[in-house]
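Chemist: kindly return the folded structure for what I paste below:
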Amino acid sequence: MEKREKTLKILFSTLLFGGLWGILEATLGSLLHMHFIPNTMFLSSSAIMVPIAYFLMGACYKRSGTFRSVFYMGLITASIKALACLIFHMAFNPIYYILMESVFMGVALLVVRPKKILSFAGLGTFIIANTLYLSASTFLRVDAMHATSAVFFANLEKYALTINMIAILYSFVFGAILYGVKELALKHNWNFSKIEKIVYHPAFASSACMIALLLTFVIR
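Modeler: Have a look, this model is predicted:
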């Protein structure tokens, strides 16, 4: 019975946070790629979306109790995106990015094993994962077979250094705000048990995935 409960906890944690990731990819991720949004480093998808994805993966890791759940999250979100790409004949690059994010976050969690996500250990986990991801993703952003070394290293500097630093800054600020809200809630004994009961309910987790799938098909 205990093994079954653990498996169900992993399953529904993965569905919940994978669905939330899919929803944000379809909404905020799509918004950041629209033509009326300035294509600056501070508004790039890599600087904004990746830290959010890592936070959701970290939350899933703490909820499920296993770093494997972040791989499952990546598979869920990538599968939703892949279905839309197949039907609407879109580029598959976002799928590769999603899978890479989950793989590198899983590796970073396995190495650091932070006790709390909102901590310096949690931030360190993100820095490791994001540096590995943005460095490796350079191979997808340029034609590695034909690009000159100058072009390759220019992209590597742009993503692995500049955008990575911006993403880390955003993560620190976002994490500090969440940490402050958490401490304020503890100080005033705010009770979120009813909200948590709804959010972590299997029906809510399944609905999150369905909404992510719907939004991915509608907003593309």
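
Chemist: spatially nearest residue to residue 206 (excluding sequence neighbours)?
Modeler: Excluding its sequence neighbours, the residue lying closest to residue 206 (C-beta to C-beta, 6 or more residues apart in numbering) is residue 15, at 6.0 Å. Where you see a C-beta, it was placed from the backbone N, CA and C, and this is true even at glycine.

Chemist: let me redo that: residue 26
Modeler: The nearest residue in space to residue 26 (C-beta to C-beta, 6+ apart) is residue 215, at 3.8 Å.

Chemist: chain center to the helix or strand encompassing the residue nearest to residue 206, what's the gap?
Modeler: Counting by DSSP states H and E, the element that carries residue 15 is helix 2-24. Remark: helix 2-24 is offset 14 Å from the chain centroid, using C-alpha atoms, centre = their mean, to the nearest Å.

Chemist: helices or strands up against it?
Modeler: helix 45-64, helix 68-88, helix 202-218 (3 or more C-beta pairs under 8 Å, 6 or more residues apart in numbering; DSSP states H and E).

Chemist: quick one: the residue nearest to residue 26 from residue 24, how far?
Modeler: In this view, residue 215 and residue 24 are 9 Å apart by C-beta to C-beta, to the nearest Å.

Chemist: send the alpha carbons of the lowest-mean-pLDDT helix or strand in the chain over as PDB?
Modeler: Confidence across the helices and strands of the chain bottoms out at helix 138-141, with a mean of 84, counting by mean pLDDT, DSSP states H and E. Extracted in PDB, the C-alpha atoms of helix 138-141 (Å, rounded to 0.1, in the frame of the first residue of the first chain):
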ATOM      1  CA  THR A 138      24.000  26.700 -28.200                       C
ATOM      2  CA  PHE A 139      24.400  23.700 -30.500                       C
ATOM      3  CA  LEU A 140      20.700  24.000 -31.400                       C
ATOM      4  CA  ARG A 141      20.700  27.800 -31.800                       C
END
